[in-house]
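Trainee: no sequence for this one, just the structure:
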């Protein structure tokens, strides 16, 4: 882990992604102190242009766009992180079990995953959320369920590789119970792909949440969501573009920072990659 930390600190891409992401998280956490009530509006100020009083302008109901954008960061980032964590936990556990045990368990889990892969993710999410009453809880469950198959397949391949290692085969030959081998020896060696999948998958989950909210199948009014804000402002793109531009810009920045950080984590965990000082190759060896 020390090597990974050094590589991340030496990687300018990781620093940029981390700084942007921390700035977004900090702004969302302090939204209650730096922005007014996101639900308070005045029809006298509807569609007001950006000004000192309203740096991002106001929307069609006179609500402060900056405030709603910051509160929307809480919702979008929170849902993205939570739903991806659910996907990683469910997919990781099932992938470990399928890859290590094989046989019928492997066949059932992987064929179930193939069913999820048979449908485009966004189409499957639309079907799930449209079948029930839209809401944040349903959105979390749908995003978590749809994302598990990809993680399970990734972890399964890694678990199968580790299962063939000499120390695992020796433990099996000595009669060590397989659950103990799985959680003590196989699972720790599958953490790297899980970490990369989580970091890079959060960006995809945030985009999926915003897409569903844009279609009216995610967070419901009056909750502030980046996707819903972009959707509400699409009718005013020529007269008041700031209603959609600023939440869209925040969405783009969050996805970009997470992708940069995910790429950096993947490179840092890859022993074949050298980041920063070329002399690190000898140091790592």
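Mentor: Okay, I see it. Small disclaimer: the values here were computed from a predicted structure and weren't measured.

Trainee: so how far is stretch 68-81 off the chain centroid?
Mentor: Relative to the centre of its chain, stretch 68-81 is centred 12 Å away, using CA atoms, centre = their mean, to the nearest Å.

Trainee: and it, which residues are buried?
Mentor: 68-77, 79-81 (16 or more other CB atoms under 10 Å). Every residue, glycine included, has its C-beta placed from N, CA and C.

Trainee: Which one of those is nearest to residue 126?
Mentor: residue 79 (16.2 Å; CB to CB).

Trainee: Is the closest one in a helix, a strand, or coil?
Mentor: helix (DSSP: H, G, I helix; E, B strand; the rest coil).

Trainee: Just give the nearest non-adjacent residue to it, would you?
Mentor: In space, and not counting its chain neighbours, residue 79 is closest to residue 209: 5.0 Å by CB to CB, 6 or more residues apart in numbering.

Trainee: show me where pLDDT drops low in the stretch 51-200 of the chain?
Mentor: Of all residues in the stretch 51-200 of the chain, none has pLDDT under 70.

Trainee: need the helices for it, in chain order.
Mentor: In the stretch 51-200 of the chain, helices defined by DSSP state H, counting those that start in this stretch lie at 65-101, 103-117, 121-131, 136-146, 148-163, 166-173, 178-181, 191-214, listed in chain order.

Trainee: Any chance of JSON lines for these, columns distance to residue 33?
Mentor: Below are the helices of the stretch 51-200 of the chain laid out as JSON lines (distance: least, CB to CB, whole Å):
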{"stretch": "helix 65-101", "distance to residue 33": "10"}
{"stretch": "helix 103-117", "distance to residue 33": "42"}
{"stretch": "helix 121-131", "distance to residue 33": "33"}
{"stretch": "helix 136-146", "distance to residue 33": "24"}
{"stretch": "helix 148-163", "distance to residue 33": "37"}
{"stretch": "helix 166-173", "distance to residue 33": "52"}
{"stretch": "helix 178-181", "distance to residue 33": "48"}
{"stretch": "helix 191-214", "distance to residue 33": "24"}
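
Trainee: So which of the ones you listed is nearest residue 224?
Mentor: helix 65-101 (4.2 Å).

Trainee: For residue 9, find the nearest of the helices of the stretch 51-200 of the chain.
Mentor: helix 191-214 (16.3 Å).

Trainee: Contacts made by the next helix or strand after that closest one with the rest, please.
Mentor: Per DSSP states H and E, the first helix or strand lying C-terminal to helix 191-214 is helix 226-233. Here helix 226-233 makes contact (CB atoms under 8 Å, 6 or more residues apart in numbering) with 59-60, 65, 68-69, 72-73, 75-76, 209-216, 218-219, 221, 240-245, 247-248, 250-251.

Trainee: before we move on, what about stretch 88-108?
Mentor: Contacts of stretch 88-108 (CB under 8 Å, 6+ apart): 109-110, 144-145, 147-160, 163, 178, 181-182, 186-187, 190, 194, 197-198, 201.

Trainee: Show me just the buried residues among those residues.
Mentor: 109-110, 144-145, 147-156, 158-160, 163, 181-182, 186-187, 190, 194, 197-198, 201.

Trainee: ok, back up a step: next, count neighbours for the residue nearest to residue 79.
Mentor: Other residues lying near residue 209 total 29 when counted by other CB atoms under 10 Å.

Trainee: That one is in contact with residue 143, isn't it?
Mentor: Yes: in this structure, residue 209 is within contact of residue 143 by CB atoms under 8 Å, at 6.4 Å.

Trainee: Now list whatever residues contact both of those two.
Mentor: With CB under 8 Å, 6+ apart as the test, residue 209 and residue 143 both reach 79, 83.

Trainee: If you count neighbours, what's buried in stretch 242-250?
Mentor: Buried residues in stretch 242-250 (16+ other CB under 10 Å): 242, 243, 244, 245, 246, 247, 248, 250.

Trainee: if you average pLDDT over it, what comes out?
Mentor: Averaged across stretch 242-250, pLDDT comes to 93.
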